[in-house]
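K.L.:
here is the input, now give the coordinates:
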Amino acid sequence: MHVRLSIEMPYMIHIGHGVMGDIPEIVSNIVPEAKLITVVGGDRTWSIVEYISDSLSSEGIMIRTSRVFEATPIDLERVTAEASGSDLIIGIGGGKNLDIAKAAAYNLRTRFMSVPTATATDAMATPFAILWEEGRSKAVKGATPLALVADLDVIWKAPPKLQLSGFGDYIAKITAIPDLELAYMLGRERNYNELAVLMAQQFAEQLIFMADGIPGKDPETWETYVLFLALDGMLMSMCNTTRIAAGSEHLFAYALDEVSNTKLSHGESVGLGTALLAPLHGIEREWILEALSAVGLPTNFSEVGVSKEEVVKALTIAHKMRDWYTILGDRGLSEEAAERLARGMF
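P.N.:
Next comes the predicted model:
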């Protein structure tokens, strides 16, 4: 059987202290013919948008700027129009800014550079973007960045929650991969790549092993942490699905967003969901909780103000959040099963 493998990944991943100052040189190397660049960011990152815009303008490049307000189809349409004709789109910020920038670049079939200012999710280099409409999220295609520039001096100034949440999002692979394997074996998922799965498992386990170094700002740990987040797009490209990084734990997190008013970060709810659902796959919950604790993420629902009733409700509806086959099955968990699963998480 002839197998075709097509992998999209950043041509350059540049991580370190003060590397944002290298962006003009990077642009001249990867897009030497660039005459017009659109820099996309939000209110919290607008000073960085202005800094990068000024540094590129001094090189004689025409610059447009576009401000993101919400990760909605309306904002995407506006930013896409504002970036029309650009030789390169540079996204500055966290989840929604990068999602809108990469989706606009994909729509315009132009090149994209990712400049994350936080490590809240693994979205910095994935070929998908999350949009929100009427309270529900959906994934759309996004451009894989030609280059990713992660300045640790900038990332370390982000609120602690935005620095640490990416860890919770990343270790979702502990349950997402068994979910993917189950769906593939049952013929409910067509996309699967054994090499990508092996790499994802090793990356997740290595990051858990290094967890202590994240809150302590160990440079080697942080280089690995950001690199693993940046390589998630490659893993998804190899598998041709987000399912290598998202399974039942993400379905639970989406459901919890609907039933609870508690404002957890995505990584917090996914990290808790990974520990919660691990026993369904025969995986010990304790080592996941130890890793979350080492990083400084919540390890039980009581400490973040989520009630047992909300967790049980979320578990019983989680299977409806996406058209994914996971350990939750087609019919989901009964209330009784959900209550048993939730024991020990309060």
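K.L.:
quick one, helices of the stretch 101-250 of the chain?
P.N.:
152-155, 160-170, 173-185, 194-209, 219-239, 248-259 (DSSP state H, counting those that start in this stretch).
K.L.:
ok, residues contacting the first one?
P.N.:
The one in question is helix 152-155. In this structure, residues lying in contact with helix 152-155 by Cβ atoms under 8 Å, 6 or more residues apart in numbering are 15-18, 20, 48, 116-119, 163, 219, 222, 226. (C-beta placed from N, C-alpha, C; glycine too.)
K.L.:
tell me which two in those residues are the farthest apart.
P.N.:
Ile48 and Pro219 (21.3 Å; Cβ to Cβ).
K.L.:
which one of these two has more residues nearby?
P.N.:
The neighbour comparison of Ile48 against Pro219 (other Cβ atoms under 10 Å) goes to Ile48, with 18 against 12.
K.L.:
tell me the contacts of the residue nearest the centre of the chain?
P.N.:
Closest to where the C-alpha atoms of the chain average out (Cα atoms, centre = their mean) is Asp122, at 2.5 Å. Counting by Cβ under 8 Å, 6+ apart, Asp122 makes contact with 166, 169-170, 229, 232, 245.
K.L.:
would you mind listing the buried residues in the helix or strand bottoming out on mean pLDDT in the chain?
P.N.:
Using mean pLDDT, DSSP states H and E, strand 136-141 stands out as the lowest-scoring helix or strand of the chain, at a mean of 84. For strand 136-141, burial by neighbour count (16 or more other Cβ atoms under 10 Å) applies to no residue.
K.L.:
do stretch 56-70 as well
P.N.:
Applying 16+ other Cβ under 10 Å to stretch 56-70 flags 56, 61, 63-68 as buried.
K.L.:
can you redo these as CSV with pLDDT?
P.N.:
CSV is the format used below for those (pLDDT from 0 to 100):
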residue, pLDDT
Leu56, 96
Ile61, 95
Ile63, 97
Arg64, 97
Thr65, 97
Ser66, 97
Arg67, 97
Val68, 96
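K.L.:
need the max-distance pair from the residues you listed.
P.N.:
Going by Cβ to Cβ, the pair spanning the buried residues of stretch 56-70 furthest: Ile61 and Val68, at 21.2 Å.
K.L.:
which stretches of the chain have low pLDDT?
P.N.:
1-5 (pLDDT under 70).
K.L.:
chain neighbours aside, what residue packs nearest to the residue nearest to the centre of the chain?
P.N.:
Excluding its sequence neighbours, the residue lying closest to Asp122 (Cβ to Cβ, 6 or more residues apart in numbering) is Asp232, at 4.1 Å.
K.L.:
same question, Leu162
P.N.:
Ala118 (3.8 Å).
K.L.:
could you measure the one you found against Ala83, distance?
P.N.:
Applying Cβ to Cβ, to the nearest Å, the value for Ala118 to Ala83 is 22 Å.
K.L.:
repeat for Ala147
P.N.:
17 Å.
K.L.:
also Leu195?
P.N.:
Per Cβ to Cβ, Leu195 is found 35 Å from Ala83.
K.L.:
who has more neighbours, the two?
P.N.:
Taking other Cβ under 10 Å, Leu195 and Ala83 do not tie; Ala83 has more neighbours (25 against 11).
K.L.:
how about the contacts made by the closest residue to the more buried one other than its chain neighbours?
P.N.:
The spatial neighbour of Ala83 that comes closest, neighbours along the chain excluded (Cβ to Cβ, 6+ apart), is Thr38 at 3.9 Å. Each residue near Thr38 by Cβ under 8 Å, 6+ apart is listed here: 63-66, 82-83, 86, 88-90.
K.L.:
in three-state terms, label Thr38 for me.
P.N.:
strand (DSSP: H, G, I helix; E, B strand; the rest coil).
K.L.:
returning to what we had before: any idea which of the contacts of Asp122 has the most stuff around it?
P.N.:
Most crowded among the contacts of Asp122, counting by other Cβ under 10 Å, is Gly166 at 31 neighbours.
K.L.:
what are the ranges of the strands in the stretch 51-200 of the chain?
P.N.:
62-67, 88-93, 111-116, 128-133, 136-141, 147-151 (DSSP state E, counting those that start in this stretch).
K.L.:
tell me which of these lies nearest to Met345.
P.N.:
The nearest among those, by Cβ to Cβ, is strand 136-141 at 23.9 Å.
K.L.:
and that closest one, which strands flank it?
P.N.:
Strand 136-141 has its sheet partners listed here by DSSP bridges as strand 128-133 (antiparallel).
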